[in-house]
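Peer 1: Following is a predicted model, sequence given first.
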Amino acid sequence: MTKMMKTLKKNKSKTAEPITSEVLEANIDMAQRNFKNSKTSASEAAAYAYFVWRDTMSPHADTYAADWIKTEIEKRNDEISRHNKVENDDRERAEKFALGRLKQAAISKNEQVRLRGLAALDDEAWKLRLKVPIEAREDANAFTKIVKFVFRFDSPADASNTSRYAKVLEWIDAHCATVQGPSEIVSAIKDAGGFDKVIHMQRLVRNGPKAPDTDEKSDNLNILSSTFSKALSEARLQATAKGTVQLEPHEISLAKGQTVSFDNNSRVLLDPAAKVLANGELTVQAPSISVPQGASQKSTSKIPVITNFTVFKRVPFEKGSVLTGWMFLTSVQKYPTEQYCYYTVSSELSGADAVVYIGRDQKPETSVKAPQDIDMIAAFDRCVWFKGENP
């Protein structure tokens, strides 16, 4: 990342310290280093990432800082485009190699081994080799782009982390917008219940306790419609009918090459007591299913893939419930990427839900101090972990 020595004029409502490209890059470096250290540093990493967003992409950002981040994102996207082009060229070359369309005599042995390994990859493996550009939908979280940029979340497998950190930055902006140092933000996150608790609370703020995202609901309707339409279009009805067709006179002779046709508006009637024998298949044309109004029109030729969603399992326990979340990156996964379990009960005093995390990935949570009135072992036994073969 090219360093720029030009000094940025910082907003007077913040601090008197001038903003320079070195300050911005230092904050990015600190965010990346803290993110890599351990999960306990996640709050500090989010704090530094928030400062980068505040100085470059917020409504109060300096013009030069805004131009700087825009230029850096464009550079990163150019790198990603070049990387993806190399991957696509490798895939095309590997497919030609597997089909024998390349002269092996002109290819080194090491290159042949590499191409043979690439040719064995399936579509999902190739998708994971491609990088995701730093982009965001118009209705996406406002912090998605800065999270992708700062933490280099450019892999499809990073979708879950992108969503989690974007929600934390959104919470920070709502509760800590005027703070001047990362330690204040870290303390605020700790007082709120921790990194995961902040994510959970922000999901409730954005979606409500039961209402799913509009996009997710729309995609689910499209998938349901597409699935039924595809199933009906491939359905075949097989039946056998027995009977006799009687004509008067009993025999009709046709000359060679002669044919009999019926008027398009005519009908052929059978005697009520007659039976019809048909050898073969009867194909029923399936009715089309229209997508409900308000849902985006998408092609039904290919069933869309749901990305970044969580399936919850609720089990009543004592005065509240034990909820287990299965987190999936895509709907084609056979096993969840991550699982977590927590106990929740409504507080009669505040009216809010109290949450105590019990376990993660089928292991008890040891870092959480359990309240005296909750049997953590019994609560952990109520967690509904995903039962299936982990690929």
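Peer 2: Okay, I see it. Here the structure is a predicted model, which is why all the values come from computation and not from measurement.

Peer 1: Can you list the residue ranges for helices in the chain?
Peer 2: 21-37, 42-56, 63-98, 109-119, 123-129, 144-151, 159-175, 182-191, 195-207, 214-233, 376-381 (DSSP state H).

Peer 1: Average pLDDT for the second one, rounded please.
Peer 2: Just to be clear, that refers to helix 42-56. Averaged across helix 42-56, pLDDT comes to 93.

Peer 1: can you check the first one too?
Peer 2: Helix 21-37 shows a mean pLDDT of 82 in the predicted model.

Peer 1: rewinding a little: Serialize the helices of the chain to JSON lines and add fields for mean neighbour count.
Peer 2: In short, each C-beta sits where N, CA and C put it, glycine included. Shown next, in JSON lines, are the helices of the chain (neighbours: other CB atoms under 10 Å):
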{"stretch": "helix 21-37", "mean neighbour count": "17"}
{"stretch": "helix 42-56", "mean neighbour count": "24"}
{"stretch": "helix 63-98", "mean neighbour count": "15"}
{"stretch": "helix 109-119", "mean neighbour count": "13"}
{"stretch": "helix 123-129", "mean neighbour count": "12"}
{"stretch": "helix 144-151", "mean neighbour count": "23"}
{"stretch": "helix 159-175", "mean neighbour count": "21"}
{"stretch": "helix 182-191", "mean neighbour count": "17"}
{"stretch": "helix 195-207", "mean neighbour count": "17"}
{"stretch": "helix 214-233", "mean neighbour count": "15"}
{"stretch": "helix 376-381", "mean neighbour count": "15"}
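
Peer 1: can you tell which of the ones you listed is closest to Ile358?
Peer 2: helix 376-381 (5.1 Å; CB to CB).

Peer 1: Who is Lys313 paired with across the strands?
Peer 2: According to DSSP bridges, the partner residues bridging Lys313 are Thr324.

Peer 1: Next, work out how far apart the closest residue in space to Ala98 that isn't next to it in sequence and Lys75 are.
Peer 2: Once flanking residues are discounted, Ala98 sits nearest to Ala119: 3.9 Å by CB to CB, 6 or more residues apart in numbering. Ala119 is 33 Å from Lys75, where distance means CB to CB, to the nearest Å.

Peer 1: Over to Pro59?
Peer 2: If you go by CB to CB, the gap between Pro59 and Lys75 works out to 24 Å.

Peer 1: go on, Glu95?
Peer 2: For Glu95, the distance to Lys75 equals 31 Å [CB to CB].

Peer 1: Look up the pLDDT of the closest residue to Gln112 other than its chain neighbours for me, please.
Peer 2: Using CB to CB, 6+ apart and skipping residues adjacent in sequence, the residue nearest Gln112 is Gln104, 6.4 Å away. The score at Gln104 is 83. That number is its pLDDT.

Peer 1: Could you do Trp68 as well?
Peer 2: pLDDT, Trp68: 96.

Peer 1: OK, contacts around Gln372?
Peer 2: Gln372 makes no contacts at all, as judged by CB atoms under 8 Å, 6 or more residues apart in numbering.

Peer 1: Just give me the neighbour total for the nearest residue to Glu124 once chain neighbours are set aside.
Peer 2: Spatial nearest neighbour of Glu124, chain neighbours left out: Val332 (7.2 Å); criterion: CB to CB, 6+ apart. Residues lying near Val332 (other CB atoms under 10 Å) number 11.

Peer 1: show me where pLDDT drops low in the stretch 251-391 of the chain?
Peer 2: Within the stretch 251-391 of the chain, the set of residues satisfying pLDDT under 70 comprises 251-255, 257, 260, 262-263, 265-303, 347-352, 388-391.

Peer 1: all strands of it, in order?
Peer 2: Secondary structure of the stretch 251-391 of the chain (DSSP state E, counting those that start in this stretch): strands located at 307-317, 320-330, 338-346, 353-360, 363-364.

Peer 1: Out of these, flag the one nearest Asp158.
Peer 2: strand 320-330 (9.1 Å).

Peer 1: Could you list every helix and strand that the closest one packs against?
Peer 2: Other elements packing on strand 320-330 under the criterion 3 or more CB pairs under 8 Å, 6 or more residues apart in numbering; DSSP states H and E are helix 159-175, strand 307-317, strand 338-346.

Peer 1: run the last query once more with 6 Å
Peer 2: Under the contact criterion of 3 or more CB pairs under 6 Å, 6 or more residues apart in numbering; DSSP states H and E, strand 320-330 touches strand 307-317, strand 338-346.

Peer 1: Deepest-packed of those, please.
Peer 2: strand 338-346 (a mean of 19; mean count of other CB atoms under 10 Å).

Peer 1: Note down every partner strand of that strand and its orientation.
Peer 2: strand 320-330 (antiparallel), strand 353-360 (antiparallel).

Peer 1: Distance to Phe195 and mean neighbour count added to the ones you listed, as a markdown table?
Peer 2: Shown next, in a markdown table, are the strands paired with strand 338-346 (distance: least, CB to CB, whole Å; neighbours: other CB atoms under 10 Å):
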| stretch | distance to Phe195 | mean neighbour count |
| --- | --- | --- |
| strand 320-330 | 15 | 19 |
| strand 353-360 | 11 | 18 |
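
Peer 1: mind giving me a markdown table with those and columns for distance to Ala45?
Peer 2: Formatted as a markdown table, those follow (distance: least, CB to CB, whole Å):
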| stretch | distance to Ala45 |
| --- | --- |
| strand 320-330 | 20 |
| strand 353-360 | 19 |
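
Peer 1: Can you say which of those is nearest to Glu135?
Peer 2: strand 320-330 (17.8 Å).

Peer 1: Send over the closest one as CSV, restricted to the C-alpha atoms.
Peer 2: Output of strand 320-330 as CSV, limited to C-alpha atoms (Å, rounded to 0.1, in the frame of the first residue of the first chain):
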residue,chain,number,x,y,z
GLY,A,320,-36.4,-19.9,29.6
SER,A,321,-35.1,-21.8,26.6
VAL,A,322,-31.9,-23.3,25.3
LEU,A,323,-31.2,-22.2,21.7
THR,A,324,-28.7,-23.9,19.4
GLY,A,325,-27.6,-22.1,16.2
TRP,A,326,-26.3,-23.9,13.1
MET,A,327,-24.3,-21.4,11.0
PHE,A,328,-24.0,-22.2,7.2
LEU,A,329,-22.1,-20.3,4.6
THR,A,330,-24.2,-21.7,1.8
